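[1] I'd like to go over a predicted model; first the sequence, then the structure.
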Amino acid sequence: MIANLMMYARPELEGAHARLWALIRARLGRRGIDAPENLAQDADPFTVWRAPDLVLSQTCGMPYRTALHGNVQLVGTPDYALPECPAGHYRSVIVAHTDSPADSARDLLGGTVAYNDALSQSGFAALYTHLGGDWFAVSVRSGGHVASARMVAERHADIAALDAQTWRLIRRYEPFARDLRVLEHTAPTPGLPLITAMGQDTDAIFDAVESAIAALAPEYANLLDLRGLIRIPTAEYLAVQTPPPAVI
């Protein structure tokens, strides 16, 4: 069996994630669900998400709707209380260098975009939809939102779209954030869902996670920005636009 909470993992949050998992695991046990003692935070994402003994993980909306739907079960969606987003939703923050003359993302279509991954909702699909199907002259895969932001800050790229919660953490922990400014925001979409393997009791897992979040000490809840757990219908995830594969 395996579990992780890797989507917003970073060294400063390791203790908070460990405490959250300890609370979840204890509550899963009381509901008759076995769970690993430790989170597999460094495991390959798709290996975890497709594991037949997956207890709990967090994925992104785009891999869920394009690759995982029908092979895993939705549990619920954490609510990070992001500004101008419904509960359990998020949006992308489109950033450029503080010295950029651009007023909008469209002003940089002739430049270089850094994107974290072609299966990212916030780093790729949301930006594509925001631009109405237009795209940039040059695309560079960074491998992660923090790396995309750093590329813009260090002038290796002109623009990037970042998960709004990741942007919150970048501003909190990364000194290079001072070299970035927000151009625009994309429209909100359902946030990063928690998933489990087929055959697991999703209602019991939802209850365990919801109870664990409520029991989390304020110091940890504030570090993780966690405010609750929301049920978002599968249909809402599947309705989000997916860019054609030839874009990047």
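    Looks like it came in fine.

[2] and for Phe206, the neighbour number?
    Using other CB atoms under 10 Å, Phe206 has 18 neighbouring residues. All C-beta spots, glycine's among them, are computed from the backbone N, C-alpha and C.

[3] restricting to C-alpha, output the strand ranked longest in the chain in CSV.
    Assignment by DSSP state E gives strand 72-79 as the longest strand of the chain. Output of strand 72-79 as CSV, limited to C-alpha atoms (Å, rounded to 0.1, in the frame of the first residue of the first chain):
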residue,chain,number,x,y,z
VAL,A,72,-9.0,5.7,-9.7
GLN,A,73,-11.7,7.1,-7.5
LEU,A,74,-12.2,10.7,-6.5
VAL,A,75,-12.2,11.3,-2.7
GLY,A,76,-12.5,15.0,-2.4
THR,A,77,-10.8,18.3,-3.1
PRO,A,78,-8.8,20.3,-0.4
ASP,A,79,-9.9,23.9,0.0
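
[4] can you tell me what sits against it?
    Outside strand 72-79, the residues that touch it by CB atoms under 8 Å, 6 or more residues apart in numbering are 49-50, 54, 56, 58-59, 64, 87-88, 190-198, 200, 202, 205-206, 209-210, 213, 226-232, 234, 237.

[5] how does it look with 7 Å?
    With contact meaning CB atoms under 7 Å, 6 or more residues apart in numbering, strand 72-79 is reached by 49, 54, 56, 87-88, 190-191, 193-198, 200, 202, 205-206, 209, 226-232, 234.

[6] domain-wise, how is this protein divided?
    Listed by automatic domain parsing, the domain ranges of the chain are 2-81+191-238, 92-187.

[7] got TSV for those, with mean pLDDT and distance to Pro245 too?
    Formatted as TSV, the domains of the chain follow (pLDDT from 0 to 100; distance: least, CB to CB, whole Å):
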stretch	mean pLDDT	distance to Pro245
domain 2-81+191-238	98	10
domain 92-187	98	8
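
[8] show me what the longest helix that the chain contains is packed against.
    When the chain is parsed with DSSP state H, its longest helix is helix 14-30. In terms of contacts (3 or more CB pairs under 7 Å, 6 or more residues apart in numbering; DSSP states H and E), helix 14-30 is packed against helix 202-215, helix 218-224.

[9] out of those helices, which one sits most buried?
    The highest average neighbour count among these, using mean count of other CB atoms under 10 Å, belongs to helix 202-215 at a mean of 18.

[10] alpha carbons of that one, as PDB, please.
    The C-alpha trace of helix 202-215 is given here as PDB (Å, rounded to 0.1, in the frame of the first residue of the first chain):
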ATOM      1  CA  THR A 202     -14.300   6.700  -0.700                       C
ATOM      2  CA  ASP A 203     -16.900   7.900   1.900                       C
ATOM      3  CA  ALA A 204     -14.800   6.600   4.800                       C
ATOM      4  CA  ILE A 205     -11.600   8.100   3.400                       C
ATOM      5  CA  PHE A 206     -13.400  11.500   2.800                       C
ATOM      6  CA  ASP A 207     -14.600  11.400   6.400                       C
ATOM      7  CA  ALA A 208     -11.100  10.600   7.700                       C
ATOM      8  CA  VAL A 209      -9.400  13.300   5.800                       C
ATOM      9  CA  GLU A 210     -12.100  15.900   6.600                       C
ATOM     10  CA  SER A 211     -11.800  15.100  10.300                       C
ATOM     11  CA  ALA A 212      -8.000  15.200  10.100                       C
ATOM     12  CA  ILE A 213      -8.000  18.600   8.600                       C
ATOM     13  CA  ALA A 214     -10.400  19.900  11.200                       C
ATOM     14  CA  ALA A 215      -8.200  18.500  13.900                       C
END
